[in-house]
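Asks: Need the 3D shape of this:
(one chain, ligands or ions: 2)
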Amino acid sequence: MNKKSPYEVKCTDLASDAVWHHSTITNEMRADRLNQCPKCIWLTGLSGSGKSTIANALDAVLFENNAATFLLDGDNIRHGLNKDLGMSEKDRAENIRRIGEVARLMVDAGLIVICAFISPYQRDRQIVRSMFKHGQFVEVFLDTPLNVCESRDPKGLYKKARQGVIKNFTGISDPYEAPETAEVVINTSSSNIEDSVKAILKALN
Ligand SMILES: Nc1ncnc2c1ncn2[C@@H]1O[C@H](COP(=O)(O)OS(=O)(=O)O)[C@@H](OP(=O)(O)O)[C@H]1O
Ligand SMILES: Nc1ncnc2c1ncn2[C@@H]1O[C@H](COP(=O)(O)OP(=O)(O)O)[C@@H](O)[C@H]1O
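Replies: Numbering: from 1, shown residues only. Ligands and ions are numbered 1, 2, ... in the order given. Predicted structure coming up:
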């Protein structure tokens, strides 16, 4: 059965001889069983902008409201699935591509997936967006100023980046391309965690 894959991003290399198998249980049936609209909520922003904090708070609120969720967070994924990748532009692109594919599988399974990654390049975020149906991908830009992120420095990374101990550090010695069409924009220096979560929930509804 050589039916076409529903993926918008086409396979162009080794996988091109692979055949797409359609399952009897559709994605819609899986979402119906969970009684929810599957989504990929993608948080992007500088280190220290509040991605992990807000992703975690949002996950907790959704979970309390009986949603079936999953959280994918930068540091955690780099300990496992993507432990072979570094911080070069090429490796960051592959990091985001793989995470996008994982998030897509989870959305197909009916989940609300919250992703928290710096994802500094517009092109990489656009590739992930194109993996989803219209309305399934919700981009949240944590537009927290660099000086605020640096003053928080929760892991001491900015200090090391300024000392030159960490190279290619986003915002210091590596670029961050701000989203131009994010569904939600939050500056966490003026919005507390609760209000930030509310703003994201409003966009979902
Ligand atoms: N050079 C450099 N630049 C930025 N961040 C660095 C770097 N080296 C290590 N770290 C740590 O890696 C976390 C970012 O991983 P991500 O997977 O989100 O990065 S990316 O999306 O591929 O750009 C990031 O996590 P957050 O601080 O939560 O953003 C850092 O803990
Ligand atoms: N309004 C806010 N929203 C999110 N985080 C905040 C806020 N105010 C202060 N913080 C603090 O800023 C830091 C953000 O760190 P983190 O969530 O790990 O960011 P990131 O995942 O983007 O690197 C945490 O220590 C958090 O407690």
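
Asks: tell me the average confidence for stretch 75-94?
Replies: Per-residue pLDDT over stretch 75-94 has a mean of 95.

Asks: How about that stretch and ligand 2, touching?
Replies: No - under the criterion of Cβ under 6 Å from any ligand atom, ligand 2 is not reached by stretch 75-94; the shortest gap measures 8.0 Å. Quick note: C-beta positions are derived from backbone N, CA and C, even for glycine.

Asks: Span of stretch 24-38 from start to end?
Replies: End-to-end distance of stretch 24-38 (Cα to Cα, to the nearest Å): 19 Å.

Asks: For this structure, list the residues in contact with ligand 1, please.
Replies: 47-48, 51-52, 74-75, 78, 87, 92, 95-96, 117-120, 155, 157, 166, 168-170, 174.

Asks: Please repeat the previous calculation with a cut-off of 8 Å.
Replies: Residues of the chain found near ligand 1 (Cβ under 8 Å from any ligand atom) are 44-49, 51-52, 73-75, 77-78, 82, 85, 87, 91-92, 95-96, 99, 116-120, 124, 154-155, 157, 161, 166-171, 173-174.

Asks: In helices only, show me the residues you listed.
Replies: 51-52, 74-75, 77, 91-92, 95-96, 99, 124, 157, 161 (DSSP state H).

Asks: Mind giving me the packing neighbours of the helix or strand where residue 104 lies?
Replies: According to DSSP states H and E, residue 104 maps onto helix 89-108. With contacts taken as 3 or more Cβ pairs under 8 Å, 6 or more residues apart in numbering; DSSP states H and E, helix 89-108 sits against strand 39-45, strand 69-73, strand 112-116, helix 122-129.

Asks: partners of the third one, with directions?
Replies: Its sheet considered, strand 112-116 pairs with strand 39-45 (parallel), strand 69-73 (parallel) by DSSP bridges.

Asks: got the angle for the first one vs helix 122-129?
Replies: When you say that, I think you mean strand 39-45. 170 degrees (axes from the mean of the first three to the mean of the last three Cα atoms, to 10 degrees).

Asks: Please consider this matter closed, and thank you.
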